[in-house]
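Undergrad: can you look at this prediction? I've put the sequence above it.
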Amino acid sequence: MEALQIQLWRQASPTRKMQMLAQLNASARMLALAGLRAQYPHSSEGELRRRLAGLLLGEELARRVYGELLDAK
């Protein structure tokens, strides 16, 4: 199965590889947001996106770009 997967990756065009990576990235973000919703069920969508930025960018950069979390716990 792994050999087949590697073969399919090698045969895919650069455009298809980028599409697959974009889909993987979108799925990872959705899973991360789902985890944040479970962890912070009363947070607004804006707060959840800010928390996601903290995960993706690191808290220091997220704070500089997007500001402090309103309910930093």
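TA: The structure has been received and is ready for your questions.
Undergrad: okay, which residue is most central for this structure?
TA: Arg29 (2.7 Å; C-alpha atoms, centre = their mean).
Undergrad: hey, where'd the helices end up in this protein?
TA: 2-11, 14-39, 45-57, 59-66 (DSSP state H).
Undergrad: for the first one, give me every contacting residue.
TA: Looking back up the chat, that one is helix 2-11. Helix 2-11 is contacted from outside by Lys17, using C-beta atoms under 8 Å, 6 or more residues apart in numbering. Placement of C-beta: from N, CA and C, glycine included.
Undergrad: which ones are touching the residue nearest to the centre of the chain?
TA: So Arg29 contacts Leu52 (C-beta under 8 Å, 6+ apart).
Undergrad: circling back to that earlier point, tabulate the helices of the chain (TSV), appending mean pLDDT.
TA: Formatted as TSV, the helices of the chain follow (pLDDT from 0 to 100):
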stretch	mean pLDDT
helix 2-11	92
helix 14-39	96
helix 45-57	95
helix 59-66	95
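Undergrad: ranking those helices by burial, who's on top?
TA: Ranked by mean neighbour count, the helices of the chain are led by helix 45-57 with a mean of 15 (mean count of other C-beta atoms under 10 Å).
Undergrad: so how far is it from its chain's centroid?
TA: 9 Å (C-alpha atoms, centre = their mean, to the nearest Å).
Undergrad: likewise for stretch 41-52?
TA: 13 Å.
Undergrad: just the CA trace of it, in PDB.
TA: C-alpha atoms of stretch 41-52 as PDB (Å, rounded to 0.1, in the frame of the first residue of the first chain):
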ATOM      1  CA  PRO A  41     -17.100  25.700  24.000                       C
ATOM      2  CA  HIS A  42     -18.200  29.300  24.900                       C
ATOM      3  CA  SER A  43     -15.700  31.100  22.700                       C
ATOM      4  CA  SER A  44     -16.900  33.100  19.700                       C
ATOM      5  CA  GLU A  45     -15.700  32.200  16.200                       C
ATOM      6  CA  GLY A  46     -13.300  35.200  16.300                       C
ATOM      7  CA  GLU A  47     -11.800  34.000  19.500                       C
ATOM      8  CA  LEU A  48     -11.400  30.500  18.100                       C
ATOM      9  CA  ARG A  49      -9.700  31.800  14.900                       C
ATOM     10  CA  ARG A  50      -7.400  33.800  17.200                       C
ATOM     11  CA  ARG A  51      -6.500  30.700  19.200                       C
ATOM     12  CA  LEU A  52      -5.900  28.900  15.900                       C
END
